[in-house]
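Novice: Fold the following and give me the result.
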Amino acid sequence: MRFFVLLFLSVSLLFAQYIDPYLTHLSKTSLSKTSEPRILNMIVKGDENIAHALYQNGFDVQSAVGEFATVRVPQQRINDLLTVKGIKKIFYGVKSKPLNSVAVRYQNVFSAYEKGYTGSNVIAGIIDTGIDFYHPMFIKNGQTRILAIWDQSLDGNPPQGYSYGTEFTEAQINQDLQSGSPYSIVNHHDTDGHGTHVAGSFVGADPTATPADTLDGGARDASIVVVKTTFQNADILDAINYIFDIAEQQNKPCVINISLGHQYGPHDGTDDFNSAVQNLVGPGRIVVRAAGNDGAKAVHYFNDTEVSSESIRFLYTDYLTLWLENGDRLTSVSLSWSSGSITNVTLNGHKTSSGIDLYLIPGTAHNNGKIAVYVFMDNNTLKNETFTLTLNGLQDSNGNNRIVRHAWADSSVFESPYGAFSQGTLYGNNFYPYTLSNDACNPLVVTVGAFITRASWPASNGYTYHYPNSGDNGGIASFSSIGPTGSEGQKPDVIAGGAIILSARSQDASYGVEFLPPAPYTDHYAYMQGTSMASPVASGAIALLLEKNPDWGPNELFDYLHNHAQGTQREAGVTADELKVKDNPNTWDRVFGYGAIDLNDAFVTDINEQTTQSPETFALLQNYPNPFNPLTTIEYYLPKTQRVTLRVYNARGQLIQTLVEGQQFKGTKKIVFNASNLASGIYFYRLKTEQGQLTRKMVLIK
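Specialist: Here you go, the predicted model:
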């Protein structure tokens, strides 16, 4: 082993421009530990024939994606990989991390359901911690809704074209469900629970729930493909390729949800992993990603002043990367702490000390042409240290009178994070821009932030819980990562409910009693929060859009999402100083993106509930928010001045309240309905004019 490490390092110095510095760091640390795998799945960049060249040289190629390929390489053959003709770069990267009723319905999914779109003609892909395939949300009439599970963590029978993991087919899952011996045929478990919860918000449908549809995911009839991933970049890329291949075989459009993330990379979508993903998405092939949970953390540093040197202080972190603006220059870097230092690392150089690696990598090694600094730490005895990274010889070589430096770390470590701002006095912490996870910055994936649709929740022990200083309904979730991207790209795209989401509970996962709902949902459901939960909520709505428009690619989808969003509203009695909300939908901002998804404009072309209408157009729009508690806005349009009535009825047809009765001028009208004295349930509001009448449904959930 020692011989291998020395050989690898000597060769890596010759090919430093090709090799991900993290892989070199691992060769001296984690790869020598017995807990690490001896076969590495890596992303290789080359020419368009790179996959064939790797195969010809005896390497185990998994996915061929244009100029990229994923390849599984025994540890002892990494040096051989460097000799393959046509290789330009080898990328490994850090592991990603895992980042319902009210939230799903807010997006007006019933507009799609009423037109017959429920996801039945869409493939829903989930790359996560696995799935509890025995959960009633994923079984219909005794049969599984899951087409396939690829468990990348199990040795056994891999999918065709791949050489690792175990694939379980739809037939095998059904055999297991009917065997009377659970897991005797399909030995797959979600012990984390994250993937099962995500799946419930995306595609879940529990026929036993009361009232019906209460806990459904957006794409409640979609066919499901699950990949339990190892969280390595190449394995996630294989998973995307695998799911899209199944969708192609089924001749259906596909939406893949990835509620995972990390801060390693340039945050502009140009790294090898994200470049390969861009080669995979397209018409009928959509990837949705969680924005990240670092919005209130000091994970990012920024400066653009013209100085010749700079010192940046931070605490211990597993990794840190710093990126200059394209064209600017940096001569050398140093790192110091109370008990040691690494000095004078020059361009294309690397030094190590006390389990810490410091690299200065030229722009020619990166797809964006930017010079970058990499720091990796693997020494627990230094966890209480404060470190100083010094940049020397900074030059404004591109002549724009600024030297942009962006840095990102694995955790909240920067002593002087950039751009702190408040979203209102109801929050205990500041928020920080540029905190999106690296893979959420891909310009061709849909990036989803989280807002609050449930600020407090009842638990199975009879208590009601609330996170103090974390905002309120309608505000951004206190953890949701903030845009823009490192290249000033407008992400996140949209927001969805992500705070205290009630969804499917894996029977193999453990939860505290405070995160279990009251009966009758205690056994099968749990509360979780994060942009991990917001992303599948949005994915369900996006799947319905794709079912209606199966040829839409990312650009067509963005055109709809960015121009047909809805805002959020604060609760009655909450002031603008206390809580900022999204009050200008379809206009991008770094916190809420363009707003929350609204399916009304895509699916409401007529009203089939007690509707008569003359050729002269009048309109009654879906209330927002919906579901609501206790305030909601009802909007309608009158083509001329006339007498109008607007009334609210309960599900039994009984009149609840008359909101408008009398003469009104031509134009758009907005009425706020306060249901504070009403019980949860389904209500109807009916607009009656000279042209006819329109009726719509709204849901009050308290």
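Novice: Let me know the pLDDT of residue 226.
Specialist: The confidence metric pLDDT takes the value 98 at residue 226.
Novice: Only alpha carbons, please: show stretch 632-649 as CSV.
Specialist: Provided in CSV are the C-alpha atoms of stretch 632-649 (Å, rounded to 0.1, in the frame of the first residue of the first chain):
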residue,chain,number,x,y,z
THR,A,632,-56.5,33.7,1.2
THR,A,633,-56.9,36.0,-1.8
ILE,A,634,-59.6,35.5,-4.4
GLU,A,635,-59.0,37.3,-7.8
TYR,A,636,-61.4,37.8,-10.7
TYR,A,637,-61.8,39.9,-13.8
LEU,A,638,-64.9,41.7,-15.1
PRO,A,639,-65.0,42.7,-18.8
LYS,A,640,-67.5,45.6,-18.1
THR,A,641,-69.2,47.4,-15.2
GLN,A,642,-72.0,45.3,-13.9
ARG,A,643,-73.7,43.8,-10.8
VAL,A,644,-71.7,41.0,-9.1
THR,A,645,-72.0,38.5,-6.3
LEU,A,646,-69.2,36.5,-4.8
ARG,A,647,-70.2,33.9,-2.2
VAL,A,648,-68.5,31.2,-0.2
TYR,A,649,-70.2,27.8,0.5
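Novice: so how far is it off the chain centroid?
Specialist: Its chain's C-alpha centre and that of stretch 632-649 lie 38 Å apart, by Cα atoms, centre = their mean, to the nearest Å.
Novice: Just the mean pLDDT for it, thanks.
Specialist: Rounded mean pLDDT across stretch 632-649 is 87.
Novice: Could you check how far residue 502 is from residue 537?
Specialist: To residue 537, residue 502 is 11 Å away according to Cβ to Cβ, to the nearest Å. Yep, even glycine has a C-beta here, placed from its N, CA and C like the rest.
Novice: wait, doesn't residue 402 sit right on residue 304?
Specialist: Yes - the pair residue 402 and residue 304 passes the contact test of Cβ atoms under 8 Å, sitting 4.3 Å apart.
Novice: Now for the two: what residues contact both?
Specialist: Residues touching both residue 402 and residue 304 (Cβ atoms under 8 Å, 6 or more residues apart in numbering): residue 325.
Novice: Tell me the span between the first and last residue of stretch 52-69.
Specialist: In stretch 52-69, first residue to last residue: 9 Å (Cα to Cα, to the nearest Å).
Novice: Next, the buried residues of that stretch.
Specialist: Residues of stretch 52-69 classed as buried by neighbour count (16 or more other Cβ atoms under 10 Å): 53-54, 57, 59-65, 67-69.
Novice: Out of the residues you listed, which is nearest to residue 342?
Specialist: Within the buried residues of stretch 52-69, distances to residue 342 taken as Cβ to Cβ reach their minimum at residue 68, with 32.6 Å.
Novice: The stretch 301-450 of the chain: strands as residue ranges?
Specialist: 309-315, 319-324, 332-337, 340-346, 349-353, 356-361, 372-377, 386-392, 405-409, 446-451 (DSSP state E, counting those that start in this stretch).
Novice: so which of these comes closest to residue 664?
Specialist: So among the strands of the stretch 301-450 of the chain, strand 446-451 is nearest, using Cβ to Cβ, at 32.8 Å.
Novice: so how far is the helix or strand just after the closest one off the chain centroid?
Specialist: Once strand 446-451 ends, the next helix or strand along the chain (criterion: DSSP states H and E) is strand 456-458. Relative to its chain's centre, strand 456-458 lies at 24 Å (Cα atoms, centre = their mean).
Novice: quick one: buried residues of strand 456-458?
Specialist: For strand 456-458, the neighbour count (16+ other Cβ under 10 Å) marks residue 457 as buried.
Novice: Now do the domain split for the chain, please.
Specialist: As assigned by automatic domain parsing, the chain contains the domains 2-92, 98-295+423-596, 300-409, 607-700.
Novice: got CSV for those domains, with distance to residue 416 too?
Specialist: Output for the domains of the chain, formatted as CSV (distance: least, Cβ to Cβ, whole Å):
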stretch, distance to residue 416
domain 2-92, 25
domain 98-295+423-596, 11
domain 300-409, 7
domain 607-700, 38
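Novice: In terms of neighbours, single out the busier of residue 502 and residue 537.
Specialist: Each of residue 502 and residue 537 had its neighbours counted (other Cβ atoms under 10 Å), and the higher figure belongs to residue 537 (35 against 25).
Novice: quick revisit: buried deepest among the strands of the stretch 301-450 of the chain, which one?
Specialist: Ranked by mean neighbour count under mean count of other Cβ atoms under 10 Å, the strands of the stretch 301-450 of the chain are led by strand 446-451, which reaches a mean of 31.
Novice: send the alpha carbons of that one over as PDB?
Specialist: Output of strand 446-451 as PDB, limited to C-alpha atoms (Å, rounded to 0.1, in the frame of the first residue of the first chain):
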ATOM      1  CA  VAL A 446     -34.500  23.200 -11.700                       C
ATOM      2  CA  THR A 447     -33.300  24.600  -8.300                       C
ATOM      3  CA  VAL A 448     -35.800  24.700  -5.500                       C
ATOM      4  CA  GLY A 449     -35.600  26.700  -2.300                       C
ATOM      5  CA  ALA A 450     -37.900  26.200   0.700                       C
ATOM      6  CA  PHE A 451     -40.500  28.400   2.300                       C
END
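Novice: and that strand, how far from the chain's centre?
Specialist: Distance of strand 446-451 from its chain centroid, counting by Cα atoms, centre = their mean, is 7 Å.
Novice: now for that strand, which elements pack on it?
Specialist: strand 285-290, strand 494-497, helix 531-548, helix 554-563 (3 or more Cβ pairs under 8 Å, 6 or more residues apart in numbering; DSSP states H and E).
Novice: returning to what we had before: ranking the domains of the chain by mean neighbour count, which comes first?
Specialist: domain 98-295+423-596 (a mean of 22).
Novice: Under the pLDDT cut-off, which ranges of the stretch 301-450 of the chain? List them.
Specialist: For the stretch 301-450 of the chain, no stretch has pLDDT under 70.
Novice: I'd like the helices and strands packed on strand 446-451 laid out as TSV, including distance to residue 324 and mean pLDDT.
Specialist: Output for the helices and strands packed on strand 446-451, formatted as TSV (distance: least, Cβ to Cβ, whole Å; pLDDT from 0 to 100):
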stretch	distance to residue 324	mean pLDDT
strand 285-290	26	98
strand 494-497	31	94
helix 531-548	29	94
helix 554-563	29	91
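Novice: Next, format those as TSV and append distance to residue 580.
Specialist: As requested, the helices and strands packed on strand 446-451 are exported to TSV (distance: least, Cβ to Cβ, whole Å):
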stretch	distance to residue 580
strand 285-290	22
strand 494-497	13
helix 531-548	18
helix 554-563	20
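Novice: Can you say which of those is nearest to residue 252?
Specialist: Once these are compared by Cβ to Cβ, helix 531-548 is nearest, at 8.7 Å.
Novice: Can you give the distance from that closest one to the centre of its chain?
Specialist: The answer for helix 531-548 is 11 Å, by Cα atoms, centre = their mean.
Novice: just use 542 as the starting number from now, easier for me
Specialist: Sure, I'll start counting at 542 from here, so that last one is helix 1072-1089.
Novice: Between strand 826-831 and it, find me the angle.
Specialist: Between helix 1072-1089 and strand 826-831, the angle comes out at 160 degrees (axes from the mean of the first three to the mean of the last three Cα atoms, to 10 degrees).
Novice: Report the angle between helix 1072-1089 and helix 1095-1104.
Specialist: Angle, helix 1072-1089 to helix 1095-1104, by the same axes, to 10 degrees: 110 degrees.
Novice: Dump helix 1072-1089 to PDB, restricted to CA.
Specialist: This file holds the C-alpha atoms of helix 1072-1089, laid out as PDB (Å, rounded to 0.1, in the frame of the first residue of the first chain):
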ATOM      1  CA  THR A1072     -34.800  22.000   0.900                       C
ATOM      2  CA  SER A1073     -34.600  18.200   0.500                       C
ATOM      3  CA  MET A1074     -38.400  18.200   1.300                       C
ATOM      4  CA  ALA A1075     -39.200  21.200  -0.900                       C
ATOM      5  CA  SER A1076     -37.500  19.800  -4.000                       C
ATOM      6  CA  PRO A1077     -39.800  16.700  -4.300                       C
ATOM      7  CA  VAL A1078     -42.900  18.900  -3.600                       C
ATOM      8  CA  ALA A1079     -41.800  20.900  -6.700                       C
ATOM      9  CA  SER A1080     -40.900  17.800  -8.600                       C
ATOM     10  CA  GLY A1081     -44.400  16.400  -8.300                       C
ATOM     11  CA  ALA A1082     -45.900  19.600  -9.800                       C
ATOM     12  CA  ILE A1083     -43.200  19.600 -12.600                       C
ATOM     13  CA  ALA A1084     -44.100  16.000 -13.400                       C
ATOM     14  CA  LEU A1085     -47.700  17.100 -14.100                       C
ATOM     15  CA  LEU A1086     -46.400  19.900 -16.400                       C
ATOM     16  CA  LEU A1087     -44.300  17.300 -18.200                       C
ATOM     17  CA  GLU A1088     -47.200  14.900 -18.500                       C
ATOM     18  CA  LYS A1089     -49.100  17.600 -20.400                       C
END
